[in-house]
Each structure stands twice: as structure tokens, then as C-alpha cells.
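**Student:** heads up, no residue letters with this:
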């Protein structure tokens with residue numbers, strides 16, 4: 001990577017304040033700036049670093065007005081965080097253009113599988129019967145694809161991903177190491193003190209531009225499909241049970257758990273360790289806070305607590321809970 005500040009500014013349609021011919025060779029955090037580095041400032045908590053950073057240039061918001069001189073060139077944009085993300089995507093795409101394209105002779109590929117063009121398949125990959133892999137897909141070592149799996153164009157399956165039979169993954173997806181797609185849902189019928197397994201004969205269907213974190217598990221449906229719609233972003237260590245539907249553009253942080261047949265709407269946010277009970281609906285645009293327990297269907301809004309209640313109510317309860325020791329002492333005094 002070697003670009004001038006002016007080239008980067010042109011890519012971002014940005015304004016340059018400082019030396020447009022400064023040479024950028026790497027990216028760096030603002031508090032760990034170094035010569036040739038490009039950094040960004042988005043969080044006001046980090047503003048003080050910009051006055052002594054050693055980075056060559058920094059991407060900042062257009063409304064950033066330094067209190068005194070800064071040692072680096074400023075690249076001014078509407079949204080510095082978004083601009084930096086776009087720049088990193090550009091860099092990654094540039095690297096991918098030169099990525100290796102090959103199929104390892106140590107991969108095990110069924111004769112009936114259909115492999116697209118410009119594909120990478122690494123060592124010890126196992127590809128079952130009638131699998132279809134799209135153009136530009138990247139299948140890293142020790143991935144296992146069951147029979148009849150479909151993987152879309154330009155999708156990346158990192159090392160150790162397991163996709164069970166009949167599941168479908170769309171275009172431009174990224175599945176991180178250890179993700180398991182299509183394991184059996186937790187379906188059992190109680191019988192005379194024992195549990196009779198209910199066969200899980202459905203599948204998982206994942207849309208386009210979906211990212212799934214490391215060691216996340218998405219269970220196949222009992223019948224029909226567990227559905228992850230387009231543009232969903234799922235963090236590490238998330239559990240999504242059978243027959244769940246996750247709407248377009250929804251994001252989930254680590255350790256979220258969603259029980260069977262729940263329906264999560266479009267553009268929702270589920271913060272870390274939030275839990276959603278089965279057979280309920282969370283409406284589009286809903287935000288569920290960290291460690292919240294969703295035990296009933298939610299209308300659009302912001303929720304926190306266990307059981308999850310509207311944010312405004314939970315804030316009041318937080319205040320009341322803090323006052324409980326004093327209130328308890330007052331009651332004791334009154335009893336005396």
C-alpha cells in the first residue's frame with residue numbers, strides 16, 4: 001500500500017488541510033500513530049491524541065475545528081468513521097484482486113460438485129455431492145460442505161466452517177472460523193421420562209452480504225427454513241435456533257441467543273448476551289440492550305432489563321434500585 005494524501009482524498013471526495021503530497025504506506029490507530037500512517041478521529045474521547053500523533057494524515061469530520069496546531073495533514077469528510085471503513089474495504093478489495101486462485105490437490109471434492117471460476121479451495125476441504133460453489137468464492141482449509149449445499153459468488157468461508165447438507169449461502173457473505181450452519185435444532189418430544197428426537201428435515205437459507213462471526217451456530221429448521229436475510233451482521237458465539245427468521249439489516253453482538261421460531265424484524269439491534277424466547281416477534285427497528293431477556297413480543301422501540309421493558313421504564317427502576325438500601329433503613333427506623 002502506497003498512496004499520496006491527495007489520492008486518498010480523491011477516493012473519499014474529501015478536503016485536504018495540509019500537505020496533499022504526503023505519502024501513506026499504512027493505517028494506524030490515532031494513539032499509536034507513526035510516519036507514513038493514516039488514522040482517523042471519530043470518537044471525541046480521542047481528540048487529544050491528534051495534537052501529538054506521529055501519523056502523516058488523519059481523516060476527520062468536516063466540522064472538526066482544532067484548538068491549536070496539529071502535526072498531521074487533515075482529510076475532512078462528512079463522516080470520518082464511515083470514510084475510514086470505506087477505505088479499509090477498498091484496501092481489502094485491492095489485496096483480494098491479487099489473492100491466489102487455486103484448488104488444492106489435498107481437497108476432497110465430489111465429482112458431482114459444480115465449482116465456479118476464479119475460486120480458491122484450500123487444503124483438507126471436504127465438498128459433498130451436488131454442491132454448487134459460485135464464482136470468486138474462497139473456501140479456506142478444513143471447511144466441510146455437506147451434500148447439496150450452495151455457496152454464492154464471492155463468498156468467503158474461513159477455516160473450520162461447517163455447512164450441513166441442503167443449506168444455502170448467498171453472494172458476498174463472510175463466515176468466520178468455526179461457524180456451524182445447519183446443525184440439528186433442539187427438537188425433542190418427552191415420552192415416559194425420556195426424550196424422543198424429532199428429525200430436523202429443514203435447512204438454513206442465508207441471504208446476500210451476510211457476515212457471521214466465529215463459532216456462531218445457526219440451526220436448521222424442523223421443517224422449512226431457518227432464514228437469515230440480506231445484510232445481517234452476526235458477531236461471534238451467537239446461537240440462532242431452528243425456524244428463526246432474522247430480518248434484513250439486523251445486527252447482533254456476541255453471545256446473543258434466539259430460541260426456536262422467533263421472528264426478528266428488519267434493522268434491529270441486539271446487544272451482547274441479549275436473549276429472545278421462542279415463538280415471539282420483535283418488530284422492525286427495535287433495539288434490545290445488553291443482557292436483556294425478551295420473554296414476549298416487542299413493538300418497535302428500545303428495551304433493557306430482564307424481563308425486557310421499555311428503556312424509559314428501566315431507567316426509572318435503576319434509580320429506584322439504587323435507593324433501596326436507604327428505603328429499607330427508613331422502614332426499619334419507622335418500625336422501631
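**Tutor:** All right, it came through fine. Every value quoted in this text rests on a predicted model; they were computed, and no experiment measured them. Numbering: from 1, shown residues only.
**Student:** give me the number of residues near residue 17?
**Tutor:** Residue 17 has 16 neighbours, counted by other C-beta atoms under 10 Å. Where C-beta positions appear, they are placed from N, C-alpha and C, glycine not excepted.
**Student:** Residue 327 too?
**Tutor:** By other C-beta under 10 Å, 10 other residues sit near residue 327.
**Student:** And for the one 3 residues further on?
**Tutor:** For residue 330, the neighbour count with other C-beta under 10 Å is 11.
**Student:** That one in helix, strand or coil?
**Tutor:** Under DSSP: H, G, I helix; E, B strand; the rest coil, residue 330 falls in the helix class.
**Student:** likewise the one 4 residues further on?
**Tutor:** Per three-state DSSP, the secondary structure class of residue 334 is helix.
**Student:** what does residue 86 give?
**Tutor:** Under the three-state scheme (three-state DSSP), residue 86 adopts helix.
**Student:** From residue 35, how far out is the closest residue to it other than its chain neighbours?
**Tutor:** Of all residues not flanking residue 86 in the chain, residue 12 sits nearest, at 7.0 Å (C-beta to C-beta, 6 or more residues apart in numbering). Residue 12 sits 21 Å away from residue 35, taking C-beta to C-beta, to the nearest Å as the criterion.
**Student:** ok, these two, which is more surrounded?
**Tutor:** Neighbour count, other C-beta under 10 Å: between residue 12 and residue 35, residue 12 has more, with 20 against 13.
**Student:** Wait, that one touches residue 75, no?
**Tutor:** Yes: between residue 12 and residue 75 there is a contact under C-beta atoms under 8 Å: 6.8 Å.
**Student:** Could you tell me which residues touch both of the two?
**Tutor:** Here residue 12 and residue 75 have 59, 83 as joint contacts, going by C-beta atoms under 8 Å, 6 or more residues apart in numbering.
**Student:** What residue spans form the domains of the protein?
**Tutor:** When the chain is parsed with automatic domain parsing, its domains come out as 3-97, 108-312.
**Student:** Can you say which of these is packed in most?
**Tutor:** Highest mean neighbour count of those: domain 108-312, a mean of 19 (counted as mean count of other C-beta atoms under 10 Å).
**Student:** I'd guessed residue 80 sits against residue 60; true?
**Tutor:** Yes: between residue 80 and residue 60 there is a contact at 5.3 Å, judged by C-beta under 8 Å.
**Student:** residues shared between the contacts of those two?
**Tutor:** 40-41.
**Student:** if I look at the residue lying closest to residue 128 once chain neighbours are set aside, how far off is residue 287?
**Tutor:** In this structure, residue 128 finds its nearest non-sequential neighbour in residue 147, 4.0 Å apart by C-beta to C-beta, 6+ apart. Residue 147 sits at a distance of 40 Å from residue 287 (criterion: C-beta to C-beta).
**Student:** Over to residue 102?
**Tutor:** Separation of residue 102 from residue 287 (C-beta to C-beta): 44 Å.
**Student:** Same check on residue 118?
**Tutor:** With C-beta to C-beta as the criterion, residue 118 and residue 287 are 40 Å apart.
**Student:** Find the nearest non-adjacent residue to residue 141, please.
**Tutor:** Using C-beta to C-beta, 6+ apart and skipping the chain neighbours, the partner closest in space to residue 141 is residue 122 (3.8 Å).
**Student:** and the gap between the one you found and residue 162?
**Tutor:** According to C-beta to C-beta, residue 122 stands 15 Å off from residue 162.
**Student:** Low-confidence ranges, the stretch 101-250 of the chain, go.
**Tutor:** Judged against pLDDT under 70, the stretch 101-250 of the chain has no low-scoring part.
**Student:** Tell me the backbone dihedrals of the residue nearest to residue 86, please.
**Tutor:** Phi and psi for residue 12, reported as degrees, to the nearest 10, are phi -100, psi 0.
**Student:** so how far is residue 269 from it?
**Tutor:** The value you get for residue 12 to residue 269, if C-beta to C-beta is used, is 27 Å.
**Student:** That's all I had, so thanks and see you.
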